[in-house]
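K.L.:
Kindly return the folded structure for what I paste below:
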Amino acid sequence: MTTKEIIAAFERGARENRRDPFRDGNLIHLSPPGSVFMTGDLHGNDRNFDRLCRAAQLALHPRRHLILHELLHNTTNQSVDQCDSYLLLARAAQLKIDFPHQVHFLLSNHEMAQLTGDEILKSGQPMVRAVNTSISVEFAEKSTLIQQAMYDFILSLPLAVRTANRIWMSHSLPSDRHIRAFESEILDRELTLEDMKNNVSLRALTWDRRQSPEGLDILQEKWDVDHFIVGHQPQATGCCLLHDRLIILASDHPHGCYLPLELGKKYHKKELFDLIKPLASIK
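P.N.:
Below you'll find the model as predicted:
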């Protein structure tokens, strides 16, 4: 992608995120008819992103929704101290432009870190600096324009998807120490840079790990859902099921997975988990 194309993708993608017809505040509400392809973290994995696009066939299925999150920060096949995963984020933004009613994003901790400048390590490499260095090396005096457009795109990302058949999808979930104090108002209003830096509830929804059965009980009642699907926690085999209602997906490696589901079907316990498919099976 050229400089102009990258900036246009981020700017137009941000506009489409903010005027998404399924969006209310920072929640995407999805109802039947239709289907959803939920993914895990992608971390710059272009090959798995291409596989997801081929599997989803959005042009042929106008009522199918593709949920994407954690596209930044990849340490595989990168130069030392550089990371070009911002290009995958720009490609995803262009996909949102091409299919504005079908592609939806979830704000994740790595995108937040890139925006706030809070360094985050992956395989021992400082990823925020690596992305910034890669942009600077590639685009020189135009690098600031690309970074600004990317930051606005990140600010435009919603936080969660809730379906009519009682499924909640977000990058992560608050852990027990944050659940009772979680302020749901962040789901209802436009987010700011200050929120990204300091809002405890926002950071809990994107950074926390280790959810207990008791904590999930509280979230089920609070959000009126039965099942949770998230990413954030690395999964060597691509997925896991915790406490019969929390599915964790990873889509960023050769064993990565995705979960296709129908919006018009009621799912019970392990039914959702049994739907998970390996990305490697997509030709």
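
K.L.:
so where's the stretch 1-150 of the chain uncertain?
P.N.:
Filtered on pLDDT under 70, the stretch 1-150 of the chain yields the residue ranges 77-80.

K.L.:
Would you map the helices across it?
P.N.:
Listed in chain order, the helices of the stretch 1-150 of the chain (DSSP state H, counting those that start in this stretch) span 3-18, 46-56, 86-98, 109-116, 127-139, 143-155.

K.L.:
Which residue, other than its chain neighbours, is closest to residue 22?
P.N.:
residue 28 (5.0 Å; CB to CB, 6 or more residues apart in numbering). (C-beta placed from N, C-alpha, C; glycine too.)

K.L.:
For the one you found, give me its contacts.
P.N.:
Counting by CB atoms under 8 Å, 6 or more residues apart in numbering, residue 28 touches 20, 22, 104, 158, 160-162.

K.L.:
Would you convert these into TSV that also reports neighbour count and distance to residue 14?
P.N.:
Shown next, in TSV, are the contacts of residue 28 (neighbours: other CB atoms under 10 Å; distance: CB to CB, whole Å):
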residue	neighbour count	distance to residue 14
20	18	11
22	15	16
104	25	14
158	22	12
160	24	18
161	24	18
162	20	22
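
K.L.:
re earlier: which one of the helices of the stretch 1-150 of the chain lies nearest to residue 262?
P.N.:
Judged by CB to CB, the one of the helices of the stretch 1-150 of the chain that comes nearest to residue 262 is helix 46-56, at 14.1 Å.

K.L.:
Alpha carbons of the closest one, in PDB - could you do that?
P.N.:
Output of helix 46-56 as PDB, limited to C-alpha atoms (Å, rounded to 0.1, in the frame of the first residue of the first chain):
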ATOM      1  CA  ASP A  46      -1.200 -11.700   7.000                       C
ATOM      2  CA  ARG A  47      -1.600 -15.400   5.900                       C
ATOM      3  CA  ASN A  48      -4.200 -16.100   8.500                       C
ATOM      4  CA  PHE A  49      -6.000 -12.800   7.700                       C
ATOM      5  CA  ASP A  50      -6.100 -13.800   4.000                       C
ATOM      6  CA  ARG A  51      -7.500 -17.200   5.100                       C
ATOM      7  CA  LEU A  52     -10.200 -15.600   7.100                       C
ATOM      8  CA  CYS A  53     -11.200 -13.400   4.200                       C
ATOM      9  CA  ARG A  54     -11.400 -16.400   1.900                       C
ATOM     10  CA  ALA A  55     -13.500 -18.400   4.400                       C
ATOM     11  CA  ALA A  56     -15.900 -15.500   5.200                       C
END
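
K.L.:
ok and it relative to helix 86-98, angle-wise?
P.N.:
Calculated by axes from the mean of the first three to the mean of the last three CA atoms, to 10 degrees, helix 46-56 forms an angle of 20 degrees with helix 86-98.
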